[in-house]
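Asker: Structure of the sequence below:
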Amino acid sequence: MSRNIDYGNLMHEAMRGLIRKVLTDVAENGLPGAHHFFITFDTSHPDAELADWLSDRYPGEMTVVMQHWYDKLDVGAEGFAVTLNFGDAPEPLYIPYDAIKTFVDPSVEFGLRFETQGDDQDEDAPASPPEILPSPASSAPKAVDMDGAAKGKADGKDADVVSLDSFRK
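Answerer: Numbers count the residues shown, from 1 in each chain. Purely as a prediction, here's the structure:
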């Protein structure tokens, strides 16, 4: 019987642990400086919890932003809960770590993209290791195109992607 080390799943677990540590720090101390997060997650994940109107509007995935206004950030072992403002409607969310597809902090040009078994993998195949997204300085279009994070889902059309680097001093 041969045994293999499943590096892909070990990397997923380690990077999700990194996200958990970052969110735990933010829950205890707030967001430091200009840090903010774009988090894309699978809205159809069986353990994800979100309002029906949000899951109807974003049936496959949704990107949320944690920046100026968030409330009740509660970080657990398997996921985190947070209340975010959608328009003028605060909505509680629960996002399991294994539902996260991308986690990006553009203030420091850091990002992770997770490949899931539903992404062209067979169920018994090992997971691909998470991809560290390129920094905007080296590849601006790839850094902001997060597989749907910059797409306008409400009207079904793709949004224009604008690099903010041209506005920075």
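
Asker: Could you verify that residue 65 is part of a strand?
Answerer: Yes: in this structure, residue 65 lies within a strand as judged by DSSP: H, G, I helix; E, B strand; the rest coil.

Asker: Name all residues that make contact with the spatially closest residue to residue 34 that is not a sequence neighbour.
Answerer: Taking C-beta to C-beta, 6 or more residues apart in numbering, and ignoring the residues beside it in sequence, residue 34 has residue 107 as its nearest neighbour in space, at 4.2 Å. (Each C-beta comes from the backbone N, C-alpha and C, glycine too.) Taking C-beta atoms under 8 Å, 6 or more residues apart in numbering as the definition of contact, the neighbours of residue 107 are 33-36.

Asker: Of those, just say which sits nearest to residue 46.
Answerer: Checking the contacts of residue 107 against residue 46 with C-beta to C-beta, the nearest one is residue 36 at 28.3 Å.

Asker: What's the separation between the closest one and residue 48?
Answerer: When C-beta to C-beta, to the nearest Å is the yardstick, residue 36 and residue 48 sit 21 Å from each other.

Asker: one step back: mind giving me the ChimeraX select for the contacts of residue 107, buried ones only?
Answerer: This is the ChimeraX syntax for the buried subset of these, where burial follows 16 or more other C-beta atoms under 10 Å:
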select :35,36
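
Asker: Make a markdown table from the contacts of residue 107 and add pLDDT, distance to residue 71 and secondary structure to it.
Answerer: Formatted as a markdown table, the entries for those read as follows, by pLDDT from 0 to 100; distance: C-beta to C-beta, whole Å; DSSP: H, G, I helix; E, B strand; the rest coil:
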| residue | pLDDT | distance to residue 71 | secondary structure |
| --- | --- | --- | --- |
| 33 | 92 | 20 | coil |
| 34 | 93 | 20 | coil |
| 35 | 94 | 17 | coil |
| 36 | 95 | 15 | coil |
